[in-house]
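Visitor: here is a sequence with its predicted model. Questions after.
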Amino acid sequence: MFTEQKFQINKLVGISDKTIEEHLKLYSGYVKNANGIIEKMASLDSEKDAYIVGEMFRRFSFEWGGMRNHEVYFSLLEGGAKDLNNESTLGKRLMELFGNYETFLKEFTSLALTRGVGWAVLWYDKKSDKLLTSWIDEQHLGQLNGCHMILALDMWEHSYVADYQPSGKKQYIEDFFKNINWSVAEKYFENAQ
């Protein structure tokens, strides 16, 4: 079974304690639901309950994706903001790919402004040794197989609408980057290599 992680998130720029508190409750629900699906599937007959089993498998990927995506998101907000070290392995790779931090931020912000609900993600693909960015629809559609999440930005309304209103998406993205602990992203990158 999966264990709900606890996160130590200090006061953030722009993102209220109340939003984080409510957001963590949603994460808790993903963990609970992923575990509940596993428990329920153990009691089903895959032949007799084939339709139900199929739907449970579909639902599991949504709950599991929500759980894991949020774990990356919240971990990036732990420990207080720390700037990207351009001399770190991740910093050097981002500079190779984008030229400078401002270009990365501009391109990632454009990705995060994609219409609809989902996630803007920076990935590392070990097989090709490349950093990639992509959009995940909802929690689970668009995951890049074999890639490791380095940075995940939640773009569902629950992550920003109480603090920014729907028209404030861009400010939420800017504030998210003001709050990132890049040393966490650097560890994700080092562990993925």
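Guide: Thanks, I have the structure now. Numbers count the residues shown, from 1 in each chain.

Visitor: list the buried residues of the strand or helix carrying A162.
Guide: When secondary structure is defined by DSSP states H and E, A162 falls within helix 161-164. Going by neighbour count (16 or more other C-beta atoms under 10 Å), the buried part of helix 161-164 is D163, Y164. (C-beta placed from N, C-alpha, C; glycine too.)

Visitor: what's the first helix or strand after it?
Guide: In N-to-C order, the element after helix 161-164 by DSSP H and E is helix 169-179.

Visitor: elements contacting that following helix?
Guide: helix 101-112, helix 161-164 (3 or more C-beta pairs under 8 Å, 6 or more residues apart in numbering; DSSP states H and E).

Visitor: I would like the residues contacting the helix holding A162, please.
Guide: By C-beta atoms under 8 Å, 6 or more residues apart in numbering, the surrounding residues in contact with helix 161-164 are G14, I15, S16, K18, T19, E22, Q171, Y172.

Visitor: ok, now with 6 Å
Guide: I15, S16, T19, Q171, Y172 (C-beta atoms under 6 Å, 6 or more residues apart in numbering).

Visitor: how about that helix as CSV, C-alpha atoms only?
Guide: Taking Å, rounded to 0.1, in the frame of the first residue of the first chain, the C-alpha atoms of helix 161-164 are listed here in CSV:
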residue,chain,number,x,y,z
VAL,A,161,-7.9,30.0,-8.1
ALA,A,162,-8.5,30.9,-4.5
ASP,A,163,-5.4,33.1,-4.4
TYR,A,164,-5.3,34.4,-8.0
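
Visitor: quick thing: my sequence starts at 51, can you match it?
Guide: Right, with 51 as the first residue, what we last looked at is helix 211-214.

Visitor: what's the mean pLDDT across that helix?
Guide: Mean pLDDT, helix 211-214: 96.

Visitor: again with stretch 100-107
Guide: If you average the pLDDT values across stretch 100-107, you get 90.

Visitor: could you give me the buried positions within that stretch?
Guide: Buried residues in stretch 100-107, counted by 16+ other C-beta under 10 Å: V103, M106.

Visitor: dump the C-alpha coordinates for that stretch into PDB.
Guide: As requested, C-alpha coordinates have been extracted for stretch 100-107 and formatted as PDB (Å, rounded to 0.1, in the frame of the first residue of the first chain):
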ATOM      1  CA  ALA A 100     -14.300  -7.800 -16.300                       C
ATOM      2  CA  TYR A 101     -15.900  -4.500 -17.000                       C
ATOM      3  CA  ILE A 102     -15.500  -3.300 -13.400                       C
ATOM      4  CA  VAL A 103     -11.900  -4.500 -13.300                       C
ATOM      5  CA  GLY A 104     -11.200  -2.600 -16.600                       C
ATOM      6  CA  GLU A 105     -12.700   0.600 -15.200                       C
ATOM      7  CA  MET A 106     -10.800   0.200 -11.900                       C
ATOM      8  CA  PHE A 107      -7.500  -0.100 -13.900                       C
END
